[in-house]
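In: got a structure for you, letters missing:
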């Protein structure tokens, strides 16, 4: 910016210049008198200076000589102005000219620009002591905010695309079973078609949400503002409904098992329907969160919430992505529930009195989806999106930091919730074992709940992130600077990736646990050794949780003492540490496969226990490699 000094105003300046020239020609005043009336910059010796400030990110800032703002609604874009004055002690008149025909007086002023364009905002400040007028100018560019239009299109695409993919696979699985059935019993075509149609509902949910998004943002049948924040919230909606719609794969598996049972016993049609609809609950949870986001942001109805258009909007919008990831990704536990339900109806086909116990095993994998739903609701409630108004901590970079914390929490509980697939595998084996020997029901439950521990670790880290960031409880600003706030947010993402992805080891644990319960059904003496092999893949999840806690501790999130040099770069390093141990922790799937075979080997020959353990722990070395690199990042990049 430039600071200008004139004698009162431009008209006075011209008049005085003419008079001074006349007096100079007459010899009344020297040349120096003319120099005093020139517009002079600070560099030319003017002592005083003023600089226009614009309210951004929770404070007034010097933005240079140009600022761009997006008009988020028809009423226009309001900007708050202030200024700093250097070496001007006695201020007189303070006049703002906004370049659109409007003026205002005073130090702190707000002005709403109602049209697109570039405006030359000029500030004039009178110095009563020197009798000078100091001036500064700022070019304000106003543009209609349509940045959210394309993000809304992506949100709609995610909703219908991912859900449609899941429905297509699920319908295909059920259809294959139906085709096989009618080859032998053509008269069962109608009811087989009913089972095949069940996984279609997820795609219908996705289609409904996609159409609503495009309609109420004006993409279809209208023209309106689609601000950036609304576009980001649309992504949250699409993730919730779309990814949760992949539960249709599990529903197809359950429907396939039900078709097989129905083909043997027609009276099982009703019970088959009960088992087949279980995996749809995950999709309903995703639909619920999607609708809640749309309602409370104002997307559903076209009356956009003022909080989404104000200074708190960006942080709240990012929170919705975290909520969408939490309920959406955790909804993939529906695949595990489908595996268990398919085994459940199969057991009922053999022994109808096993319906109750089959249902107990079948609902176990749904707990992961419930954890995801819970975290999604907590994120929206304590950010203020669901009632009560958005909290003050959502302003500016603090809000962005809290939004990233929300994404970290969503990743933690969501991705770790995929352990529900492992739980479904273990539960399916448990149902089959109970069908052979009912007295192993209790031990079957023990094996079946083992893979849930990964989901519990994910939920624990998600809650810790919300508590120690201040999101859950008394809302506080993250740190004092933008760098610290974004750093803490990225640490949250790293912690979520660490415990979330490592939680996929639960799939391996489910494979091992399934082998364990099958072995115990044959030989009850194998319970202890079966448990030893079954818990091995859990160590990867423990490593992921450990790194998540270390990141929170040494970043200062737990304790408030931030490391020297904390900033965005170190936050990115935290994401790297989370990826290192998280992805390496997926080696637990391989460990579970080996452990499952080792259990079977020991059941045949007990002396192979030691060698089976050696085989089983080999896969864990790769998780240790990831753990080592994560620790190196924490130690050598300044966290400790």
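Out: All right, it came through fine. Computed from a predicted model, the values in this text were never measured in an experiment. Numbers count the residues shown, from 1 in each chain.

In: please identify the helix or strand for residue 510.
Out: Counting by DSSP states H and E, the element that carries residue 510 is helix 505-522.

In: show the average pLDDT along the helix or strand that comes right after that helix.
Out: Downstream of helix 505-522, the first helix or strand assigned by DSSP H and E is helix 527-535. Average pLDDT, helix 527-535: 94.

In: which elements pack onto helix 527-535?
Out: Here helix 527-535 touches helix 441-449, helix 505-522, helix 587-604, helix 609-617, going by 3 or more Cβ pairs under 8 Å, 6 or more residues apart in numbering; DSSP states H and E. For glycine as for every other residue, the C-beta is placed from the backbone atoms N, C-alpha and C.

In: tell me which residues in it are buried?
Out: Applying a neighbour-count criterion of 16 or more other Cβ atoms under 10 Å, one finds 527, 529, 530, 531, 532, 533, 534, 535 buried in helix 527-535.

In: the first one contacts residue 521, correct?
Out: The one in question is residue 527. No: Residue 527 lies out of contact with residue 521 (Cβ atoms under 8 Å); the separation is 10.4 Å.

In: tell me the secondary structure for residue 112?
Out: With DSSP: H, G, I helix; E, B strand; the rest coil as the basis, residue 112 sits in strand.

In: okay, and the beta partners of it?
Out: With DSSP bridges applied, residue 112 shows beta-bridge pairing to residue 78.

In: residue contacts, it?
Out: With contact taken as Cβ atoms under 8 Å, 6 or more residues apart in numbering, residue 112 is in contact with 75, 76, 77, 78, 79.

In: go on, residue 71?
Out: Neighbouring residues of residue 71 by Cβ under 8 Å, 6+ apart: 77, 113, 116, 142, 143, 144, 145, 225.

In: what's the domain layout of this structure?
Out: In terms of domains, the chain is parsed into 4-144, 146-306 (source: automatic domain parsing).

In: mean neighbour count, those domains: which tops it?
Out: Comparing those by mean neighbour count (mean count of other Cβ atoms under 10 Å), domain 146-306 ranks first with a mean of 23.

In: check which element follows the worst-scoring helix or strand of the chain on mean pLDDT along the chain.
Out: Here the helix or strand of the chain ranked lowest by mean pLDDT, DSSP states H and E is helix 32-35, holding a mean of 32. Toward the C-terminal end, the helix or strand that comes next after helix 32-35 (DSSP H and E) is strand 49-56.

In: now do the same contact list for residue 583.
Out: Here residue 583 is in contact with 501, 626 (criterion: Cβ under 8 Å, 6+ apart).

In: do you know how far residue 491 is from residue 161?
Out: Distance, residue 491 to residue 161, using Cβ to Cβ, to the nearest Å: 32 Å.

In: which strands or helices does the helix ranked longest in the chain pack on?
Out: Longest helix of the chain, by residue count under DSSP state H: helix 148-184. Helix 148-184 is packed against helix 189-197, helix 200-216, helix 228-244, helix 247-264, with contacts defined by 3+ Cβ pairs under 8 Å, 6+ apart.

In: right, and these - which one's nearest residue 108?
Out: helix 228-244 (25.7 Å; Cβ to Cβ).

In: the closest one to helix 200-216, inter-axis angle?
Out: 170 degrees (axes from the mean of the first three to the mean of the last three Cα atoms, to 10 degrees).

In: which strands and helices sit next to helix 228-244?
Out: Applying 3+ Cβ pairs under 8 Å, 6+ apart, one finds that helix 228-244 contacts helix 148-184, helix 200-216, helix 280-297, helix 306-309, helix 313-330.

In: got the angle between the last one and helix 228-244?
Out: In this case it means helix 313-330. 0 degrees.

In: over to the first one?
Out: Angle of helix 148-184 versus helix 228-244, following the same axes, to 10 degrees, is 10 degrees.

In: who touches residue 436 in this structure?
Out: residue 521.

In: mind checking how far it is from residue 521?
Out: In terms of Cβ to Cβ, residue 436 sits 5 Å off from residue 521.

In: residue 293 too?
Out: 46 Å.

In: how about low-confidence regions in this protein?
Out: 1-47, 72-74, 222-225, 302, 310, 388, 473-480, 560 (pLDDT under 70).

In: quick check: longest strand of it.
Out: Using DSSP state E, we find that the single longest strand of the chain is strand 132-144.

In: that one pairs with which strands, parallel or anti?
Out: strand 4-6 (antiparallel), strand 66-71 (parallel), strand 117-127 (antiparallel).

In: TSV for those, including distance to residue 581?
Out: As requested, these are arranged in TSV below (distance: least, Cβ to Cβ, whole Å):
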stretch	distance to residue 581
strand 4-6	58
strand 66-71	40
strand 117-127	50
